[in-house]
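Visitor: Provided below for reference: sequence and predicted model.
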Amino acid sequence: MADAASRLTTLAEELLGQPLPLRLRAWDGSEAGPAGGPVLIVRDRRALRRMIWKPGELGLARAWVAGEIDVEGDLYDALDRLSGLLWERGEDTRSLLDSVRDPRLRAAAGTLLRIAGPLPPPKPPAEEIRGRSGGRHTRRRDKQAISHHYDVGNDFYELVLGPSMVYSCAYWTEDGTLEDAQRDKLDLIARKLNLREGDRLLDVGCGWGSMALHAAREYGAKVVGITLSREQAAYARKRIAEEGLTDRIEIRVQDYRDVADGPYDAISSIGMAEHVGAVRYREYADTLYGLLRPGGRLLNHQISRRPEPDEGAYEVDPFIDAYVFPDGELAPMGRTLSTLEDAGFEVRDVEAIREHYALTLRRWVANLERDWDRAVRFTSPGRARIWRLYMAASAVSFERNRIGVNQFLAVRTPVSGKSGTALRPRVWNEKRD
């Protein structure tokens, strides 16, 4: 097919109603579109069949995971340019072809079908989650979702996250390293919780044990960490044993709804509430409130999204749901605060650290790209491509204020009203001697 790139660019602009923001290179070597920036490479016509059957983000994602499309040049710049097509259009691009009424556009769609080649589309990539059983956010289905994301190999996570093995937003200074920023984040949380020698800390969604280790080693806390990932639990227990802290830290494979050995002096929940889901969030807040002693503190570290004009129309991102965090949901910051208050908490502080997560994600992407061949060996080419796309796209989303991340400090204030917090706010920003 002669000059496939020009034909595709013309068709895309007719269907989208605006210029294509990237240069395009097709499988025949032809190129078209604006020069001097990133190039979207369509390596195989199968990518077009995927996008015809699943217009919008999911079709593009499947083609990306399968290696049928790629980006040459600055991936962040490419995603930023594409954001107007994928995330900021006033219409639903997933049903774009279904809603075409203009005869000229119908003709363009027909031409695209002929270029795409024989139908039906290829099967989804093997990395796409399948066979989810049970209702959303039941114990069984939550365990499946967690396993899909976290049980992909600790070697892979070591490569991406670095020595800290912390999988949440770091807390940056101008010239710090990723490890410095993650240590500072853990210490910030410990100070906000006012941890003291002998305090009982529950770390909900403990990951690979980094918060538990920091709290026990630096503050003398007695920690229970819970996770639904057996691989995470095994890794955390090994680290704890190597540091000689088995008498201070217990790691359990346990659902937060099954914890029954309160009261705790403090609870940390770092990047876990995103997995809870809207239908369970009040139950989550009630459970944590019930596990704290009067005067105990909760630090809830959680990604948020911008409010929707019609909250009932909110849908989980299709790429994230199919390939990254199955059943994960984001809530607006205000809804999280209200739910904590409805459960009985007194919210004493909210700190927004959106820009910090963009910096963190860019470091994780750099780690992945620097050791790409090993990352592929540890997982699969498709899985490595998923992570590169999701982390880079997330970084752009944080930078453009489509999503944010916030730390909520909440207290189970007793009837006396004595919250135990200092008169001057944010004393935790003062470093310990």
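Guide: Here it is on my side, so go on.

Visitor: Assign Trp364 to helix, strand or coil.
Guide: helix (DSSP: H, G, I helix; E, B strand; the rest coil).

Visitor: correct me, but it touches Leu161?
Guide: Yes: counting by C-beta atoms under 8 Å, Trp364 touches Leu161, with 6.7 Å between them. In this view, the C-beta of every residue, glycine as well, is placed from N, C-alpha and C.

Visitor: Following the chain past the lowest-mean-pLDDT helix or strand in the chain, name the next helix or strand.
Guide: Least confident helix or strand, the chain: helix 103-116 with a mean of 74, by mean pLDDT, DSSP states H and E. Using DSSP states H and E, the helix or strand that follows helix 103-116 towards the C-terminus is helix 139-150.

Visitor: If you count contacts, what does the helix or strand following that next one end up packed against?
Guide: Next along the chain after helix 139-150, taking DSSP H and E as the criterion, comes helix 154-161. Applying 3 or more C-beta pairs under 8 Å, 6 or more residues apart in numbering; DSSP states H and E, we find helix 154-161 packed against helix 230-242, helix 354-370, helix 372-378.

Visitor: Grab the longest strand from this structure for me.
Guide: strand 292-305 (DSSP state E).

Visitor: now it against helix 354-370, angle please.
Guide: 70 degrees (axes from the mean of the first three to the mean of the last three C-alpha atoms, to 10 degrees).

Visitor: buried stuff in strand 292-305?
Guide: Applying a neighbour-count criterion of 16 or more other C-beta atoms under 10 Å, one finds Leu292, Gly295, Gly296, Arg297, Leu298, Leu299, Asn300, His301, Gln302, Ile303, Ser304, Arg305 buried in strand 292-305.

Visitor: Now do it: distance to the chain's middle.
Guide: 19 Å (C-alpha atoms, centre = their mean, to the nearest Å).

Visitor: counting contacts, what elements does it pack onto?
Guide: helix 178-192, strand 264-270, helix 333-342, strand 403-411.

Visitor: Minimum distance to Ser30: which of the ones you listed has it?
Guide: strand 403-411 (36.7 Å; C-beta to C-beta).

Visitor: Give the pairing partners of the closest one; include direction for each.
Guide: strand 292-305 (antiparallel), strand 346-352 (antiparallel) (DSSP bridges).

Visitor: so what's Glu158 closest to, chain neighbours aside?
Guide: Counting by C-beta to C-beta, 6 or more residues apart in numbering, Glu158 lies nearest to Met165, which is 6.7 Å off, once chain neighbours are set aside.

Visitor: For the one you found, the count of nearby residues, please.
Guide: 20 (other C-beta atoms under 10 Å).

Visitor: Wait, a strand at it?
Guide: No: applying three-state DSSP, one finds Met165 to be coil, outside a strand.

Visitor: looking at it, it is touching Ser210, isn't it?
Guide: Yes: proximity of Met165 to Ser210 meets the contact threshold set by C-beta under 8 Å, at 5.4 Å.

Visitor: Identify the contacts common to the two.
Guide: Common neighbours of Met165 and Ser210, counting by C-beta atoms under 8 Å, 6 or more residues apart in numbering, are absent.

Visitor: Quick check, pLDDT for Glu88.
Guide: pLDDT recorded at Glu88 is 53.

Visitor: Can I get the helices and strands packed on strand 292-305 in a markdown table including mean pLDDT, distance to Tyr150 and mean neighbour count?
Guide: Formatted as a markdown table, the helices and strands packed on strand 292-305 follow (pLDDT from 0 to 100; distance: least, C-beta to C-beta, whole Å; neighbours: other C-beta atoms under 10 Å):
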| stretch | mean pLDDT | distance to Tyr150 | mean neighbour count |
| --- | --- | --- | --- |
| helix 178-192 | 97 | 18 | 21 |
| strand 264-270 | 98 | 14 | 24 |
| helix 333-342 | 97 | 23 | 17 |
| strand 403-411 | 98 | 19 | 21 |
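
Visitor: which one of those lies closest to Val276?
Guide: That would be strand 264-270 among those, by C-beta to C-beta, at 9.2 Å.

Visitor: List the strands paired with that closest one, with their directions.
Guide: strand 200-204 (parallel), strand 292-305 (parallel).

Visitor: need those strands in a markdown table with mean pLDDT and distance to His275, can you?
Guide: Converted to a markdown table, the strands paired with strand 264-270 look like this (pLDDT from 0 to 100; distance: least, C-beta to C-beta, whole Å):
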| stretch | mean pLDDT | distance to His275 |
| --- | --- | --- |
| strand 200-204 | 98 | 10 |
| strand 292-305 | 98 | 10 |
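
Visitor: Identify whichever of those strands lies nearest to Arg81.
Guide: Minimum separation from Arg81 across the strands paired with strand 264-270 (C-beta to C-beta) falls at strand 292-305, 21.8 Å.
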